[in-house]
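Trainee: Need a 3D model of the sequence below.
(2 chains)
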Amino acid sequence: QSALTQPPSASGSPAQSVTISCAGTSSDVGGYNYVSWYQQHPGKVPKLLIYEVDKRPSGVPDRFSGSRSGTTASLTVSGLQPEDEADYYCCSYSGRTNFYVFGTGTRVTVL
Amino acid sequence: QVQLVDSGGGLVKPGGSLRLSCEASGFMFSDYYMSWIRQVPGKGLQWISYISMNGRSIYYTDSVKGRFTVSRDNAKNSLFLHMNSLRAEDTAIYYCARTTNGCFDYWGQGILVTVSS
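Mentor: Sure, this is the predicted structure:
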């Protein structure tokens, strides 16, 4: 099963916004509400940011928001802060195979 | 608080076997699906398997099917990954993760498995 497609990199200045896309298919991103996003700082464990497309776990700042249009999901980080510099991964359940598939990952740089 | 502790990694020769463990605490282990996810150092995340609450439903990604076996012991709040016929490309950090609402909300600290002669 192929990974979901994310841009390799994204960047923005502090206080700006950055949006990361996650392209899938109708069998995964477009077919189920089980789309999630994770943040991973170098050498650290991934952290859940968004689940079920647009829900935030408690403790995650509302600067992080998720959305979906068709077979592409997006993560927007508003009001960029230096600590947002990290790798971001999307993930979706794939009903066709009962698998989960991660995105290729996007490195966000705060300029 | 929810805690997952991975253990059992290390260096193994190609073709060898290894068993990883994940000990859970801070939540009702038997109420949750659990998953194993791996990451080649410096690369992306790859989901490899999940197991249902009672252990009767298990799914594997194609690249490990027939070589890896996931099991759980709800009485001991533990999840296991038995890895056989290991290959160099199985070298990665392995994470256990609590699985709910179609996502992985808590992760273990990760354990490095190195397959090399």
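Trainee: from here on, contacts and neighbour counts on C-alpha atoms
Mentor: Will do.
Trainee: Number of residues surrounding the closest residue to residue B:73 other than its chain neighbours?
Mentor: Taking C-alpha to C-alpha, 6 or more residues apart in numbering or on different chains, and ignoring the residues beside it in sequence, residue B:73 has residue B:79 as its nearest neighbour in space, at 6.4 Å. Per other C-alpha atoms under 10 Å in any protein chain shown, the neighbour tally for residue B:79 reads 25.
Trainee: Contact partners for residue B:79?
Mentor: B:21-24, B:34, B:70-73, B:96 (C-alpha atoms under 8 Å, 6 or more residues apart in numbering or on different chains).
Trainee: likewise residue B:114?
Mentor: Residues near residue B:114 by C-alpha under 8 Å, 6+ apart: B:9-12, B:88, B:90-92.
Trainee: from the chain's centre, how far out does stretch A:19-37 sit?
Mentor: 9 Å (C-alpha atoms, centre = their mean, to the nearest Å).
Trainee: quick one: the closest residue to residue A:81 other than its chain neighbours and residue A:109, what's the gap?
Mentor: Using C-alpha to C-alpha, 6+ apart and skipping residues adjacent in sequence, the residue nearest residue A:81 is residue A:14, 5.4 Å away. Relative to residue A:109, residue A:14 is positioned 10 Å away (criterion: C-alpha to C-alpha, to the nearest Å).
Trainee: of the two, who's got more company?
Mentor: Each of residue A:14 and residue A:109 has its neighbours counted (other C-alpha under 10 Å); residue A:109 has more, 20 against 15.
Trainee: could you measure that one against residue B:8, distance?
Mentor: Going from residue A:109 to residue B:8 by C-alpha to C-alpha gives 35 Å.
Trainee: ok but the residue nearest to residue B:73 is inside a helix, no?
Mentor: No. Under DSSP: H, G, I helix; E, B strand; the rest coil, residue B:79 sits outside any helix and is assigned strand.
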